[in-house]
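> could you work out the structure for the sequence below:
(chains A, B, C and D)
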Protein chains: 4
Amino acid sequence: MASTFGQLFRITTWGESHGGGVGVVVDGCPPKLKLTEADIQPELNRRRPGQSKITSRRREPDVVQILSGTFEGKTIGSPICLWVKNEDARPDAYLEMKEKFRPSHADYTYFAKYGIRNWQGGGRASARETIGRVAAGAIAKKILRERFGVETLAYVKQVQNISADIDPDKARLKDVESNIVRCPDKTAAEKMIALIDEMRRAGDTVGGIVEGIARGVPAGWGEPVFDKLGADLAKAMMSLPASKGFEIGSGFDSIWMTGREHNDAFRARNKNVFTTTNFSGGIQGGISNGQTIFFRVAFKPVATVMHEQDTVDVRLANTKLKARGRHDPCVLPRAVPMVEAMTALVLADHALRQKAQCG
Amino acid sequence: MASTFGQLFRITTWGESHGGGVGVVVDGCPPKLKLTEADIQPELNRRRPGQSKITSRRREPDVVQILSGTFEGKTIGSPICLWVKNEDARPDAYLEMKEKFRPSHADYTYFAKYGIRNWQGGGRASARETIGRVAAGAIAKKILRERFGVETLAYVKQVQNISADIDPDKARLKDVESNIVRCPDKTAAEKMIALIDEMRRAGDTVGGIVEGIARGVPAGWGEPVFDKLGADLAKAMMSLPASKGFEIGSGFDSIWMTGREHNDAFRARNKNVFTTTNFSGGIQGGISNGQTIFFRVAFKPVATVMHEQDTVDVRLANTKLKARGRHDPCVLPRAVPMVEAMTALVLADHALRQKAQCG
Amino acid sequence: MASTFGQLFRITTWGESHGGGVGVVVDGCPPKLKLTEADIQPELNRRRPGQSKITSRRREPDVVQILSGTFEGKTIGSPICLWVKNEDARPDAYLEMKEKFRPSHADYTYFAKYGIRNWQGGGRASARETIGRVAAGAIAKKILRERFGVETLAYVKQVQNISADIDPDKARLKDVESNIVRCPDKTAAEKMIALIDEMRRAGDTVGGIVEGIARGVPAGWGEPVFDKLGADLAKAMMSLPASKGFEIGSGFDSIWMTGREHNDAFRARNKNVFTTTNFSGGIQGGISNGQTIFFRVAFKPVATVMHEQDTVDVRLANTKLKARGRHDPCVLPRAVPMVEAMTALVLADHALRQKAQCG
Amino acid sequence: MASTFGQLFRITTWGESHGGGVGVVVDGCPPKLKLTEADIQPELNRRRPGQSKITSRRREPDVVQILSGTFEGKTIGSPICLWVKNEDARPDAYLEMKEKFRPSHADYTYFAKYGIRNWQGGGRASARETIGRVAAGAIAKKILRERFGVETLAYVKQVQNISADIDPDKARLKDVESNIVRCPDKTAAEKMIALIDEMRRAGDTVGGIVEGIARGVPAGWGEPVFDKLGADLAKAMMSLPASKGFEIGSGFDSIWMTGREHNDAFRARNKNVFTTTNFSGGIQGGISNGQTIFFRVAFKPVATVMHEQDTVDVRLANTKLKARGRHDPCVLPRAVPMVEAMTALVLADHALRQKAQCG
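Predicted structure coming up:
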């Protein structure tokens, strides 16, 4: 069950970096939603490498094809299978990886688990797997927008020591997409781009923080106890490659406040309830309270660097390894559509769950 | 499905703060494990209020009873139902809560979701629900220890600005339990206790960080893609009451390093693979690599404070509310057994999953 | 996951014939449903032994207690835990079973599976487990009736060679309950009772067929492919103790007709669609078509007979075994509420699933 | 979740009769199993139309392609996506179906459920969906054979009034495949073929019974309570198109015996336990007892006949409909590989479940 996410709006991704391609099956999508490849492709374009000088220079066109689940441009309630062919297959670029485990990659752990591994470019652990998530997320975003009036968005909040100033209640997609690092604070964005480009030239990598938000979620989504909205978002984000931390609302900084300071006072105006602060991040007791949901995800500096490193080989002897070719100096700009996709998948699932039990 | 956690070692908690009690059904437990109430009660004693001057003064004996699943002191492979009666029922203490939503509690969101709520002491959102988790976790810990040689542990790492110095590879349960705040760094522990006690007298609350660890996990546990070990731990921890953040290994601090600095070099000695650093926190690509697993959970200052606060009532009119009676100035000492329990539940589940597919 | 049934209206049963009792946790029940023990106890009374001369003479009062999930007489959306204490504990009656496997019981297979077994009266394989199902089914029936206008019913259709003449569109609960064998055809009922009583006196047992029906199910419930309404009903019924066969609509007799004869012609009157025959049994392509759903379940003669039989002991040596005390000459009258319960559980689950995806 | 089957060896089928194709994702397959298209294609060849004069004359080559989950001819533990392109797209043949609901097909119920339907040849309800099941079943069969020594087989037992004489303990694949109706009793097979051919010429259809068996299953597979081996087999079989009934072991005929006659006596020889009869069909209390598992599935005469029939149109007005082109006079020969596939899927799943909890 490792490859399935969600209870009612449920996705199953499949595919490795090398082989017939990668894809996803979306099961449980409501019927009569207008859907063609044109609804999905733009999100994949945001995710793919080779978009700009600060992402991997690999060229992956990543053209999506709908294999099932629609009829005359609409969903019919059947599982939707989306497929993206693999194109960039250059096994010789990976020959050394056949013999050696890359540090801080999944090579060794997959081998320990399965006793076999696809050593070509990461196999199942490749970031190409997220194509399925982003494609499915495009459908979830459409449902949320058209059926529930919910908007999901993400942006780069911090790159190493460069932090941006962004109001979750006001951030706009247009501003996020206005620069190649996907940070709506233009001043910070310029510094971030410069830093990443410097890292690229140094053959090194850098990490940072993506902030995800959801606006318009009505009070009442999410489940008590285990499937809390924040818990499901945490799992979703921590399942993304290179993520190391998750925090919601006040997050780790909540510990610097006392309870009196941290509590979000309720107020009502015209029978509408709101809170005067939003340290809760829009979720209380696992359930949305109608305020903007916002959270942050820490992404480590990615592991592929252009320098020789200590490691072991498949015979468990000590050796050294140096990556060849192209590397991705910072995962953050491409992580933005992934965070949006996972946010939308969690929310679409809970929207349906709410309808089922309380609708 | 909100009340079920785990795929193969699967628990379902039930019960509210007021009513017939709280409990859990554990399904999928391997047979022939020695198990009596004496294996479970000590963990509940660590969780319950009234243990010390720095936790809630409520008196809840929380005596566990095994209703099913064992025979002559051993598990038989059937679901194990554990039950703890409610004792501390004083509905009049909650009468004001019938009319008013407590700020930063789940009162309002539950009402928005269900259109009805058990207003006596939190109902399903009460921390009493974690009794079921801790009881089930005691079983998971026993399996991990006896069948897999895995040890799980947690401790208080930080209270507001007081941070402890603890080595995850060396921390011992004995030291954790040596003081009432459950911090194995004695110097820090004293300061923490003083701070919490001060908060208690001020009618206020304070938050902090619990660190959880697992030692002896073999390489190969965890699943690629969605059910990554770190993702499942994140969900488990973010489903605990008052948690606001989760980070694994280097966590949020990973963003201050470059990829070259952050990568954990592999080395081998006598065919044993290890890493020279452990920024990965024992997990790579979602799968354990044989090193110590460690992570941190941020808990906000709990919401019940002894001061009047702004809020709204059930008719959605603005009002004020002041809690009565006893409050819990810091959730951290009692969160320690909860974090251990959830860690053990995640690992026991993945131990069985590993056996199923790759055993 | 052996002990959980349903996706959205989801039950988990627990308990053995001997020990602290048997019960069930119902998760996913919609809120604000009026519910007290008085809604559940009558169904347990229909299920329990000792009701009449033709069922087991064992005396099990089977008093149900709601431990969680309701507040002031209404469901609140939380898991509902129902508990029935065990009373009839006479381990000495089972001492011989400690050493010997009863033929056509689950003694041997449980031992082969788990390497341990509760030899007192069947343990987990006891029909007492169905208490949890019947109790949960009472809630499902209430929801179906009050929220969806759906009625579920079952009755004894055949005992050995005595077959009853009953119209699924017209059968009434009142007539089912008018005699101790639960067959609304009074003439057949008398003969059935005589036959069962004869078997009882002979220390032998007899099987037969229970027919289950659901009326008022709107067109559109059920899922394509795997979770077809008929497939879920089949699983539900074949999970009942002693069941050996399931057929829906025309069932096995469909093979005597040609396609032309078997097809149910659609007709419409005032925009209402109906079929002129109902060989489909109310389900087409796995989804309800608005006609009465009806199906039959074959129950074998139960295995406990008052005669010496060949078997093996726990050391795998050949031996003989003769049951002592009381036996149940025919499971059918008590299987009726079980079939009703499982029918209601399947339908309530699909009612919520329909709301989730298409509501 | 309608499109997923299995807990640990888990498949998700996707695709409609018209569109990009049909397929399946197999998740949870153990690693290091040799697997290429050549392991799967023969089973699809047994399933496809156009094999002989007594099946549909439609020509569907049904060439399978492995899109993911293998590397250098072996499984790697990742999800295996299998894809079969649609070829036989002739939408004009279905134009009348756009306006009218075919009797005893799923046209009306899908429309009632989703408010939209793919009217081209059945859409999701088409028997083409079973391609995914049969392809996945080929993998399950290979695992059962190579890792567990279990053999699965099915054959036509009865066509209308022509019943075959076959011993489940001795039936061989070779004999099943020796004739076009897939009945190892050659005398009966000839009569069956003549009858089906007669039906074909009359533009009518005929039903019958497929018997499925599993040999070599060790004692101990299956779960108590809900996921009984017989219950899971029942669901699997009742989820196949056109199935109307399921019975295991003595099945419906068990009602003609008394308990004394029906019980299977245990005997032991050299510490091996066996039963002297096998009315239980190899399963007791839901768990395998080491004897041959056998069961029967009733398939109705399929609904497409070459005669005008009463029905309603999409405006809910009465009308008439006559199918055009080719029809399948009997589903049984092609149902045989489907029954085998579903049997193997159920058993592979339970094999892994047994390893997880009791291995």
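> so what sits opposite the nearest residue to A:Glu99 once chain neighbours are set aside in the bridge?
In space, and not counting its chain neighbours, A:Glu99 is closest to A:Asp313: 5.1 Å by C-beta to C-beta, 6 or more residues apart in numbering or on different chains. Backbone N, C-alpha and C define where each C-beta goes, glycine included. Per DSSP bridges, the residues bridged to A:Asp313 are A:Lys100.
> what's the spacing between the closest residue to chain D within the stretch 51-200 of chain A and chain B?
Residue of the stretch 51-200 of chain A nearest chain D, by C-beta to the nearest C-beta: A:Leu67 (3.5 Å). If you measure A:Leu67 against chain B using C-beta to the nearest C-beta, to the nearest Å, the figure is 20 Å.
> number of nearby residues for that residue?
By the measure other C-beta atoms under 10 Å in any protein chain shown, the count of residues near A:Leu67 is 24.
> can you verify my assumption that it contacts A:Trp83?
Yes - using C-beta atoms under 8 Å, A:Leu67 makes contact with A:Trp83 at a distance of 5.4 Å.
> give the residues shared as contacts by those two.
With C-beta atoms under 8 Å, 6 or more residues apart in numbering or on different chains applied, the overlap between the contact sets of A:Leu67 and A:Trp83 consists of A:23, D:20, D:83.
> those residues in helices, which ones?
Helix and strand membership here follows DSSP state H; of those, not one is in helices.
> walking through chain A, point out its helices one by one.
Assigned by DSSP H, chain A shows helices spanning A:37-47, A:95-99, A:107-114, A:130-148, A:173-176, A:186-201, A:229-238, A:259-262, A:332-358.
> so which of those helices gets nearest B:Ala188?
For those, proximity to B:Ala188 was assessed by C-beta to C-beta; helix A:259-262 is nearest, at 21.4 Å.
> in that closest one, what counts as buried?
Using 16 or more other C-beta atoms under 10 Å in any protein chain shown as the burial criterion, the residues of helix A:259-262 that qualify are A:259-260, A:262.
> nearest to A:Glu60 among those?
Sorting the buried residues of helix A:259-262 by distance to A:Glu60 puts A:His262 at the head of the list, at 44.7 Å, by C-beta to C-beta.
> low-confidence regions, chain A specifically.
Segments of chain A classed as low confidence (criterion: pLDDT under 70) are A:1, A:57, A:88-91.
> what separates the residue of chain A most remote from its centre from B:Ala317, distance-wise?
When distances are taken from the C-alpha mean of chain A, A:Asn270 lies farthest, 37.5 Å away, according to C-alpha atoms, centre = their mean. To B:Ala317, A:Asn270 is 11 Å away according to C-beta to C-beta, to the nearest Å.
> between the buried residues of helix A:259-262, which is closest to D:Gln309?
A:His262 (69.8 Å).
> just to revisit the earlier point, just checking, the residue nearest to A:Glu99 touches A:Lys100?
Yes - with contact defined as C-beta under 8 Å, A:Asp313 counts as touching A:Lys100 (4.8 Å).
> partner residues bridging A:Phe246?
For A:Phe246, the beta-bridge partners under DSSP bridges are A:Val297, B:Phe246.
> that one: how many residues sit nearby?
Neighbouring residues of A:Phe246 were enumerated by other C-beta under 10 Å; the total is 33.
> please apply the same query to the one 3 residues further on.
A:Gly249: 26 surrounding residues under other C-beta under 10 Å.
> for the closest residue in space to A:Gly121 that isn't next to it in sequence, give me its contacts.
The shortest distance from A:Gly121 to any residue that is not its chain neighbour, by C-beta to C-beta, 6+ apart, is 4.0 Å, and that residue is A:Ser17. With C-beta under 8 Å, 6+ apart as the criterion, the residues that contact A:Ser17 are A:86, A:118, A:120-123, A:126, A:128.
> cheers, nothing more for now.
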